[in-house]
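Trainee: got a structure for you, letters missing:
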């Protein structure tokens, strides 16, 4: 199975300092450094400008994450 990934040009890994080694795996929601192996989970915004968390269950469904651009509560 082929996995789609995208090189994140001109970005530097915060863990090892290597430039042009960060790859985004959009299906998994992960950014990975191919130099040191450090990984970070990402929450991409939806195309309509609302946070993906807010568009699923509303702005109060996750404690501590705040509210996004949709649904108010700011």
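Mentor: On my side now, so go ahead. These figures come from a predicted structure and were not determined experimentally.

Trainee: Can you show me the strands along this protein?
Mentor: 6-7, 22-25, 30-33, 39-41 (DSSP state E).

Trainee: Redo those strands as CSV? Include mean pLDDT and distance to residue 13.
Mentor: Quick note: C-beta positions are derived from backbone N, CA and C, even for glycine. CSV is the format used below for the strands of the chain (pLDDT from 0 to 100; distance: least, CB to CB, whole Å):
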stretch, mean pLDDT, distance to residue 13
strand 6-7, 92, 13
strand 22-25, 94, 6
strand 30-33, 96, 4
strand 39-41, 94, 10
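
Trainee: closest one to residue 16 among these?
Mentor: strand 30-33 (6.4 Å; CB to CB).

Trainee: Tell me which residues touch residue 7, please.
Mentor: Counting by CB atoms under 8 Å, 6 or more residues apart in numbering, residue 7 touches 20, 22-23.

Trainee: And the helices in the protein, which stretches?
Mentor: Assigned by DSSP state H, the chain shows helices spanning 52-57.

Trainee: for it, which spans come out with low pLDDT?
Mentor: 1, 44-74 (pLDDT under 70).

Trainee: count of neighbours near residue 31?
Mentor: When neighbours are defined as other CB atoms under 10 Å, residue 31 has 20 of them.
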